[in-house]
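show me how the following folds:
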Amino acid sequence: MTIEDGSSCRMSTDRKNNNVTAKYDGELGTVVFLHGFPEIWYSWRHQMLAVAAAGYRAVAPDWRGYGLSDQPPEPEAAEYDDLIEDLLAILDALAVPKAFLVAKDFGALVAYDFALCHPNRTCGVMGLGIPFGNDASSINTLPEGLYIFRWAQPGRAEADFGRYNIKRVVRTIYILFSKSEIPMAKEDQEIMDLADLSTPLPEWFTEEDLDVYSSLYEKSGFRYPLQMPYRSLHKRKPIGDAKFQVPVFVVMGEKDYVYKFPGVESAMKDGTMERHAPDMKITYIPEGSHFVQEQFPDYVNELLLAFLKDHPVDK
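Below is the predicted model of the structure:
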């Protein structure tokens with residue numbers, strides 16, 4: 001887990017758990033950043049520095065089984081609700097009474113559900129790349145070559161990824177997921193076949209960034225990250241009559257492939273989400289991909305800091 005703050009920072013490394021931490025108090029509150037896949041705590045590097053400089057405490061954990069975090073003893077036994085419990089445990093361990101949640105991809109689902117289940121521990125939610133929605137059944141109308149379906153099959157992604165080294169796998173996924181088309185394989189293809197070495201990385205994602213990601217996945221591997229989310233999210237239980245008691249801010253790149261999933265655009269534009277969140281704001285980034293916080297860090301930081309400023313924490 002990595003923590004940043006605007007004050008002088010004391011960094012320490014817990015050798016047993018291989019976690020990097022820093023200890024201090026943010027004057028204006030705590031912001032917890034929750035990553036998706038194939039991301040890691042490092043994907044929030046730009047936002048952590050920005051909120052710390054503004055006077056907040058920034059916390060970016062690796063989900064259990066990812067990067068610097070310990071591996072669960074039985075990865076295949078993972079349940080979606082484990083993520084809710086882990087987030088609550090992080091706040092308790094850091095003695096944070098309530099926090100802003102800034103989340104991406106499947107991390108946004110956790111943030112939404114946590115805010116609904118624990119509104120007294122949540123100041124507000126900023127979700128990137130995934131709108132709030134209780135019904136994901138429409139995804140089942142897509143072809144079987146969808147990356148989600150392929151990676152949900154035990155052993156299939158392991159065999160696909162296993163043909164290459166970690167760096168090649170992360171490179172390929174970042175290339176595919178930064179495009180506007182949904183990653184979809186043909187019957188005789190695997191997902192890793194959809195990009196080759198001649199395809200350049202996105203200009204906003206450097207070889208140095210790739211090295212950091214790769215080193216973290218070298219430690220954790222992909223066994224648990226494939227279990228969570230791809231083999232566990234179907235167990236997410238809809239929350240009946242979901243009503244947010246905290247502000248919700250959704251940021252979506254218009255070139256994000258997720259925008260093309262059935263029901264996503266309509267959910268964002270027909271007022272569906274506003275019925276669940278009285279204090280709801282939605283912003284679109286015209287050229288934004290699935291990785292807007294890395295692609296347009298200055299713009300996302302501006303949006304994030306404005307959201308935090310508009311919702312000061314009661315002292």
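
give me the nearest residue to residue 257, chain neighbours excluded.
residue 182 (4.7 Å; Cβ to Cβ, 6 or more residues apart in numbering). Where you see a C-beta, it was placed from the backbone N, CA and C, and this is true even at glycine.

quick one: neighbours of that neighbour, just the number.
Look at residue 182: counted by other Cβ atoms under 10 Å, it has 18 neighbours.

kindly indicate whether it is helix, strand or coil.
Assigned by DSSP: H, G, I helix; E, B strand; the rest coil, the conformation of residue 182 is coil.

go on, residue 127?
Secondary structure of residue 127, per three-state DSSP, is strand.

helices and strands of this structure: which one bottoms out on pLDDT?
Taking mean pLDDT, DSSP states H and E as the measure, the chain has strand 11-14 as its least confident helix or strand, at a mean of 30.

so where's the chain uncertain?
For the chain, applying pLDDT under 70 flags the ranges 2-26, 134-137, 315.

gap between the host helix or strand of residue 265 and the chain center?
Counting by DSSP states H and E, the element that carries residue 265 is helix 264-269. With Cα atoms, centre = their mean, to the nearest Å as the basis, helix 264-269 stands 20 Å off its chain's centre.

quick check: buried residues in it?
For helix 264-269, the neighbour count (16 or more other Cβ atoms under 10 Å) marks 264, 267-268 as buried.

repeat that for stretch 89-103.
Result for stretch 89-103 [16+ other Cβ under 10 Å]: buried residues 90-91, 94, 96, 98-103.

what about the helices in the stretch 151-300 of the chain?
156-161, 166-177, 207-220, 223-225, 264-269, 272-276, 292-295, 297-310 (DSSP state H, counting those that start in this stretch).

possible to save these as a markdown table with distance to residue 30?
A markdown table is the format used below for the helices of the stretch 151-300 of the chain (distance: least, Cβ to Cβ, whole Å):
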| stretch | distance to residue 30 |
| --- | --- |
| helix 156-161 | 35 |
| helix 166-177 | 29 |
| helix 207-220 | 23 |
| helix 223-225 | 26 |
| helix 264-269 | 28 |
| helix 272-276 | 25 |
| helix 292-295 | 18 |
| helix 297-310 | 11 |
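
and of those, who's closest to residue 116?
Nearest of those to residue 116, taken as Cβ to Cβ: helix 272-276 at 8.7 Å.

residue 155 - how many residues pack around it?
9.

do you know how far it is from residue 174?
The gap separating residue 155 from residue 174 is 24 Å, by Cβ to Cβ, to the nearest Å.

number of nearby residues for the nearest residue to residue 69 once chain neighbours are set aside?
Counting by Cβ to Cβ, 6+ apart, residue 62 is the residue found nearest to residue 69 once chain neighbours are left out, at 4.3 Å. Neighbours of residue 62 under the rule other Cβ under 10 Å: 22.

confirm that residue 62 sits in a strand.
No. Under three-state DSSP, residue 62 sits outside any strand and is assigned coil.

for it, what are its contacts?
Residues near residue 62 by Cβ atoms under 8 Å, 6 or more residues apart in numbering: 1, 35, 40-41, 68-69, 216, 220.

residue contacts, the nearest residue to residue 283 once chain neighbours are set aside?
Nearest non-adjacent residue to residue 283, counting by Cβ to Cβ, 6+ apart: residue 251, 5.2 Å away. In this structure, residue 251 makes contact with 126-129, 282-285, 288, 292, 300, 303, judged by Cβ under 8 Å, 6+ apart.

can you check residue 42 too?
Contact partners of residue 42, counting by Cβ under 8 Å, 6+ apart, are 209, 212-213, 216.

who wins for neighbours among those residues?
residue 213 (23 neighbours).

on that earlier part again, which members of the buried residues of stretch 89-103 are the farthest-apart pair?
94 and 103 (17.0 Å).

which one of the contacts of residue 62 sits closest to residue 110?
residue 35 (10.3 Å).

ok, the closest one touching residue 104?
Yes. Assessed by Cβ atoms under 8 Å, residue 35 is found in contact with residue 104 at 6.0 Å.

the two - which one has more neighbours?
Legend: neighbour count by other Cβ under 10 Å for residue 35 and residue 104, higher for residue 104 (26 against 23).

now that one: how far from residue 225?
Taken as Cβ to Cβ, the span from residue 104 to residue 225 is 14 Å.

likewise for residue 261?
Using Cβ to Cβ, residue 261 is found at 21 Å from residue 225.

let me see the contact set for residue 96.
For residue 96, the contacting residues are 30, 32, 57, 59, 90, by Cβ under 8 Å, 6+ apart.
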